[in-house]
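Student: here is my input, please return the structure:
(2 chains)
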Amino acid sequence: MTEDIREPIGRVSAPPDQESTTGEFYFWVHRDKTVERTQIVKTQSTIGPRSVTFIAVVQEVYRRSRQKDVSEESDRYDGGRGSHPPFDSEGVTYAKASVLRTDPVAYTPPTEECEVYLASAKEASQGYGVDRVENPLDVGLLKNGGTDYAGKATLDLDYLLGENGGHMNVNGIAGLGAKSSFLLHVLWMLLREAERQKRSSPSDKNRLQIAPIVFNVKNYDLFFIDMLNKKYRDKEAEYLDDWKKLGVEKPSPFREVKFLAPQEKDKTTPANVGRADGAVKPYSWSLSQVIEQGLFKFLFADDAVYEPNFGGLVDELAEFLTNDTPSGPKLKIGDGVPQTFQELLKDFKELSPINSKDYAKATQGKVYRHLKFILRQGGGVLRLNDNLGHPIVLTNGEQAGPTVIDLFGLRMTPGLQRFVVAAVFHQLVRLRSEDPTPGLRFVVMLDELNRFAPRNSSDPITQIIETVASEMRSQGVILLGAQQQASLVAQRVIANCAIKAIGRSDTLELGSEVWKALDRSARSTAAQLQADEKLLVQPNFREPMLAKIPFPPFALKKEHAIGTGEVAETKVAWEESVEAAF
Amino acid sequence: MPNDTASHFLKKYGASTVGDTPAQPNVPVDPDDADDDKKSTVDRTIECPEAAWKPIIVPEAPAREGEFPVRFIDGSHTGLPVLCVRTERGWPIPLMLSEVGAVAFRSVGRGFEREFVTVDRVLSFVADPFPWEDVEAFAIDLANKPELQLRVLPANLPDLAQYSPFDYEVMRSQARARAVQEMANLERLALAVNRSVPTLVDGPLSRVTGNPLPGSPLLIGIAKRQAAAYLHDEGWRTLSTLRPGQRTPVFKIVGIDGKNEGRISVATWFLKLSGGSQLAPNWGYVRVEIPWDQFAKDFAYEFPFVDRLSRWLIDARCRTSSYARMPVSLEPIVRAEESLKPLFTPFPVLVNRLYRTAGFFRGGEL
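Tutor: Numbers count the residues shown, from 1 in each chain, chains lettered A, B, ... in the order given. The predicted structure follows:
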């Protein structure tokens, strides 16, 4: 056994009812030392012929007095009537630690009386298996108690981007602004890593390439992520220190961001998101573009579309409108086929599938009413009279910055929001299925998953998100999802997320089935997290990793944005940051 | 002697396993009570005439520097007879396996630090009836077995004019007395390691010290067992009516030189630490001792000093009601004991190791 020159903080204890196991052990703490929950510790035992190192994370810290019950505690002070015992009780502090790793691998507990040390940054990192990770991504600082850090909090890209698993999900209560912020932070670090690889191995076809798509669901907050955050600048010295510890010398806002907002009704302009610099482009679809992108059935984003009669008629209608050509589906011309949504509504009853008498009047009426409803709601996004709109067309290649697609402007029409989400995912599925680019990952960020993929729902939008979560990670479509309550999100979506990040969450939510995998200590920690803290759960972590996430340099709402004039500066800062990463 | 001399000795003398048995009649005086030597001379007129004895209320004046202990000595003994051998004459000789230890605790601020500790494993028995070379070989073998590291302590042969050598209980008592004496030896060692500060010893002072040098730091003994009758009738009446925070007048127990080595004269008094409606009248008090020479010379018969020390002891009383001897215990001593006991090997483990060494299988026959 090698001798450790650090001062031990305590020793392993294993009395009855607190025995060491292969998963956890207890240790008492020296009087003059402090141990905090979430600290990472190390101990070494000689077990049989070999020495085994255990790295563990402190799950809970206990203090036990020398008294047997509260009466004795009171008696020491004679019931509090001014009496003061001459000696302190001198209880004992002890902690319960969960084993993160043994080296060499050993399915045996540490033995009692072994010295326990605070882990070094290297040991902490080994505890979470970072030394075995081939494609690491540093996302934060590994918390080691209340105020200290034990190096970087590192994720395994093989679990995030589809090699061994895929997707990331964030859960957290509203109001802390920690879900979107964290997902954007991960996106920022991913883009930076992709840029680093691009510079170091430009000709490597398998290098990491990212095409990020960000759905904006709350206010127009994410339309300013290319601008510096005023709050960041106000305390730059403090926040920069965290970034530097993470290896980022000069964090900057996102660059080369594309902004798309719903086209306004009867206009060619996008919804007013609060920017006047022309950076925001409108999106909309005409009937012909809905057919070309195979989105017709998503207009009926309802469970009804999977009823045999209703769904059958919708399919027949789509088939009637579609002309399959070698270059893809097109809107059929002639034979009385309507060329706009308005014509579709007007001629609906005259269309041949409707007149085929294969469907009951009630079914025909139901399809018509659904169609009419969504088109009326469609406002400017579904162009009633236009032959062409501005559909969202995703590029099948890496992007230097994210494409932000607004859904907030459609907040009054949830059906239309779901249509846009489906249109994007449908396009991604098609791109990745038909013409995949090696190394390219479409990373889609979507908040409020409980609205777009609610639990126990089987509507087409939920199904497509479920498909993305369960089948598309291997083809390079990665979902960065978030919600306040994972228990209200489709199970397949949550279950297929390899990496889960937990921000401060409601205790009721943490008691639900979906969080049963977390032990009591982790749930307790999750209920008390600070806004800048996340519990990271990755399949190869034996215990969740508590990370501090540096404060974002990019604006997360208009009020915090410092003008577009600094875009050029952003680019310089980004490049300096990437340079520093080498 | 063969290589495994321990086993050989035990086989040769017909060892059988024994356990704890209730004390039998005809038990000799327990050596723990030896301090209560009825032959001691007692002077009960030190603070007041014998007829004027009455409870004295201990005032709340705090003890001054040098008048209260900052170091605390406690010993501990765990042991049972585990084997019994027979001499050639057929005398049953129990072998008492014990672990003995002593600890010195020092108060630092409002807490304590363990300043010194020693623990020893011993096997005591009346060894005189056995050939010395057999005993010596047996002792060397046990001491050299790493899993045992057991030290043999030969106990005195009982007074055969008074007791029958065939009486198992007499032999057991002798073996126990030797182990207890060894514990006292360790306490002496713990005391001797540092005599630069006032020290309190758990038990009568005579067990662990002779007369301290003039001007040396205060020594205090706390006797919990009260077997001897030092008091006259008025004294008993006074003792039985003591209320918590009261003491008896100071009296003097004159030591006996020569025959009882190290017995020193002490100034002593009874102090009631605890009381209550459910406490028997003979429970809840301790007898405090300080060397007579220190009381007479260093403190010049100062009874207010007795009061101040008594007040300190009352304040330092054990307040842990779940501790069985709480009414007669001081917290520093309880803590010292708590610090010493965990260093002992679990007794069944020691017994099994000895049995294995002796060639016993599961405590059965050889």
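Student: get me the contact residues on chain B for chain A.
Tutor: Taking CB under 8 Å from any CB of the partner chain as the contact definition, chain B meets chain A at B:107, B:110-112, B:312, B:315-316, B:319-322, B:331-332, B:335, B:338. Bear in mind the C-beta positions are built from the backbone N, C-alpha and C, glycine included.
Student: among these, which are in strands?
Tutor: Judged by DSSP state E, strands contain the following of the residues of chain B next to chain A: B:S107, B:G111, B:F112.
Student: circling back to that earlier point, just the buried residues of the residues of chain B next to chain A.
Tutor: Burial by neighbour count, 16 or more other CB atoms under 10 Å in any protein chain shown: within the residues of chain B next to chain A this picks out B:S107, B:F112, B:W312, B:D315, B:A316, B:R319, B:T320, B:E331, B:P332, B:R335.
Student: from B:F105, how far off is the fourth one?
Tutor: Between B:D315 and B:F105 the distance is 17 Å, computed by CB to CB, to the nearest Å.
Student: my guess is B:T41 contacts B:V254, does it?
Tutor: Yes. The pair B:T41 and B:V254 qualifies as a contact (CB atoms under 8 Å) at a distance of 4.0 Å.
Student: which of these two has more neighbours?
Tutor: B:V254 (14 against 11; other CB atoms under 10 Å in any protein chain shown).
Student: and that one, its phi and psi?
Tutor: Dihedral pair for B:V254: phi -90, psi 130, per degrees, to the nearest 10.
Student: quick one: it and B:S265 touch, right?
Tutor: Yes. Between B:V254 and B:S265 there is a contact under CB under 8 Å: 5.0 Å.
Student: where do the contact lists of those two overlap?
Tutor: B:W292 (CB atoms under 8 Å, 6 or more residues apart in numbering or on different chains).
Student: determine which two of the residues of chain B next to chain A are furthest apart.
Tutor: B:W312 and B:S322 (24.1 Å; CB to CB).
Student: can you give me phi and psi for the residue in the stretch 51-200 of chain B positioned nearest to chain A?
Tutor: Nearest residue of the stretch 51-200 of chain B to chain A, counting by CB to the nearest CB: B:R110, 4.3 Å away. The phi and psi values for B:R110, taken as degrees, to the nearest 10, are phi -100, psi 10.
Student: OK, contacts around it?
Tutor: Neighbour list for B:R110: A:P86, A:F87, A:D88 [criterion: CB under 8 Å, 6+ apart].
Student: using pLDDT, spot the least trustworthy of the residues you listed.
Tutor: Lowest in pLDDT among the contacts of B:R110 is A:P86, which has 78.
Student: burial check on the nearest residue to B:V152 once chain neighbours are set aside, number of neighbours?
Tutor: The shortest distance from B:V152 to any residue other than its chain neighbours is 3.6 Å, reached at B:A139 (CB to CB, 6 or more residues apart in numbering or on different chains). Neighbour count of B:A139, defined by other CB under 10 Å: 20.
Student: equivalent analysis for A:T467, please.
Tutor: A:T467 has 16 neighbours, counted by other CB under 10 Å.
Student: for it, what are its contacts?
Tutor: When contacts are counted by CB under 8 Å, 6+ apart, A:T467 is found next to A:V429.
Student: how close does it sit to A:V493?
Tutor: From A:T467 to A:V493 the distance is 10 Å (CB to CB).
Student: could you do B:E115 as well?
Tutor: 64 Å.
Student: returning to what we had before: for PyMOL, write a command that selects the buried ones of the contacts of B:R110.
Tutor: The buried subset of these, as determined by 16+ other CB under 10 Å, is captured in PyMOL by this line:
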select buried, chain A and resi 87
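Student: chain B next: which of the contacts of B:R110 are close?
Tutor: A:P86, A:F87, A:D88.
Student: turn those residues into a markdown table, columns for secondary structure.
Tutor: Shown next, in a markdown table, are those (DSSP: H, G, I helix; E, B strand; the rest coil):
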| residue | secondary structure |
| --- | --- |
| A:P86 | coil |
| A:F87 | coil |
| A:D88 | coil |
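Student: from those residues, which single one is nearest B:F72?
Tutor: Proximity of the ones next to chain B among the contacts of B:R110 to B:F72 (CB to CB) peaks at A:F87, which lies at 10.7 Å.
Student: ok, the closest one - contacts?
Tutor: So A:F87 contacts B:S107, B:R110, B:G111, B:F112, B:A316, B:E331, B:P332, B:R335 (CB under 8 Å, 6+ apart).
Student: check what pLDDT the nearest residue to A:G80 once chain neighbours are set aside gets.
Tutor: Among residues not flanking A:G80 along the chain, A:S74 sits closest, at 7.0 Å (CB to CB, 6+ apart). The model reports A:S74 with a pLDDT of 85.
Student: and if you look at A:A301?
Tutor: We note a pLDDT of 60 for A:A301 in this prediction.
Student: how is chain A carved up into domains?
Tutor: Under automatic domain parsing, the residue ranges defining each domain of chain A are A:10-119, A:149-284+A:390-581, A:287-377.
Student: comparing the ones you listed, which comes out most buried?
Tutor: Highest mean neighbour count among the domains of chain A (mean count of other CB atoms under 10 Å in any protein chain shown): domain A:149-284+A:390-581, with a mean of 20.
Student: centre of the chain to that one, how far?
Tutor: Its chain's C-alpha centre and that of domain A:149-284+A:390-581 lie 6 Å apart, by CA atoms, centre = their mean, to the nearest Å.
Student: isn't there a helix covering B:S173?
Tutor: Yes. Assessed with three-state DSSP, B:S173 lies in a helix.
Student: list phi and psi for B:A102.
Tutor: phi -140, psi 150.
Student: now it: closest residue in space, sequence neighbours ignored.
Tutor: Excluding the flanking residues, the one nearest B:A102 by CB to CB, 6+ apart is B:L186, at 3.7 Å.
Student: that neighbour belongs to a helix, doesn't it?
Tutor: Yes. Counting by three-state DSSP, B:L186 is found in a helix.
Student: returning to what we had before: which of the buried ones among the residues of chain B next to chain A lies closest to A:V381?
Tutor: Among those, B:T320 lies closest to A:V381 (CB to CB), at 75.9 Å.
Student: would you agree the closest one is in contact with B:I333?
Tutor: No. B:T320 is not in contact with B:I333 according to CB under 8 Å; the separation is 11.9 Å.
Student: one step back: adding pLDDT, write the buried ones among the residues of chain B next to chain A out as CSV.
Tutor: Formatted as CSV, those follow (pLDDT from 0 to 100):
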residue, pLDDT
B:S107, 93
B:F112, 91
B:W312, 96
B:D315, 92
B:A316, 93
B:R319, 85
B:T320, 84
B:E331, 92
B:P332, 94
B:R335, 91
